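Novice: Could you work out the structure for the sequence below:
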Amino acid sequence: MAEPIRIEKIIPKGRGLAKAVLARAFELKLPFEMRNKSRFSEKLSDGRELHFFLPRGNVLASDDVVIGDDGTMIRISAADQEVVTIVSADLQQLTRAAYHLGNRHIPVQIGKGFLRIEPDSVLEGMIHQLGLELKQELAPFEPETGAYGGGHRHSHAETFDSDYALAQKVFIEHEKPHVHGPNCSHHSHGDHDHSHDH
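Specialist: Numbering: from 1, shown residues only. Okay, the predicted model is just below:
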């Protein structure tokens, strides 16, 4: 029985590796829950055991390449998993949904005309209340990194900025961002000024 392969090194998106080298890499499909862990074990298609010892707080993304202590190269890809996809042609509605999801610090994938989250009945209810349709499906889940938990939070203001950036990303093609006015339904946070007048 072959020794387990220890994996500690990540090359983000396989940067700097030649296509011919990448073509020889094994593929390992992992759901988001596993890609979010720093310590776990998996098996390659040829049966060899992999033991992951990655830096804490790291999230593996599709096309990241990990290198085993024996030189084995493995290209990570996102496995299909149960997800909830929120689709709308109305970018303003989608942006509102992204803002409210971002406020809850959960992983959110942003795509052209859609948002994607992991199944959660409370969040699904909130999305329905916002007037958006959602569908449950099996698909790869590749959320934005950095906006929900990787990295340290020092203040509410920083948290708000990352949420706002997440919402703005959906908004790119929209002509007029929402301006917080006196009748704005967002909850207020004491002395923090959340007005973003453009």
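Novice: what helix or strand is the most centrally placed residue in the chain on?
Specialist: Nearest to the mean C-alpha position of the chain, by C-alpha atoms, centre = their mean, lies P143 at 1.6 Å. Assigned by DSSP states H and E, P143 falls within no helix or strand.
Novice: Wait, a helix at V122?
Specialist: Yes. The assignment for V122 by DSSP: H, G, I helix; E, B strand; the rest coil puts it in a helix.
Novice: looking at it, the residue nearest to the centre of the chain is touching H105, isn't it?
Specialist: No. With contact defined as C-beta atoms under 8 Å, P143 and H105 do not form a contacting pair (11.4 Å). In short, each C-beta sits where N, CA and C put it, glycine included.
Novice: can you tell me which residues contact I11?
Specialist: Neighbouring residues of I11 by C-beta atoms under 8 Å, 6 or more residues apart in numbering: 17, 64-67.
Novice: repeat that with 6 Å
Specialist: By C-beta atoms under 6 Å, 6 or more residues apart in numbering, the contact set of I11 is V65.
Novice: The nearest residue to E82 once chain neighbours are set aside and L60, how far apart?
Specialist: Of all residues not flanking E82 in the chain, P119 sits nearest, at 5.5 Å (C-beta to C-beta, 6 or more residues apart in numbering). The gap separating P119 from L60 is 21 Å, by C-beta to C-beta, to the nearest Å.
Novice: who has more neighbours, these two?
Specialist: L60 (23 against 12; other C-beta atoms under 10 Å).
Novice: Helices along the protein, start to end?
Specialist: 19-23, 32-35, 91-102, 121-129, 156-170 (DSSP state H).
Novice: How about the fourth one, which residues are buried there?
Specialist: The neighbour-count check on helix 121-129 (16 or more other C-beta atoms under 10 Å) flags 123, 127 as buried.
Novice: Nothing else from me, thank you.
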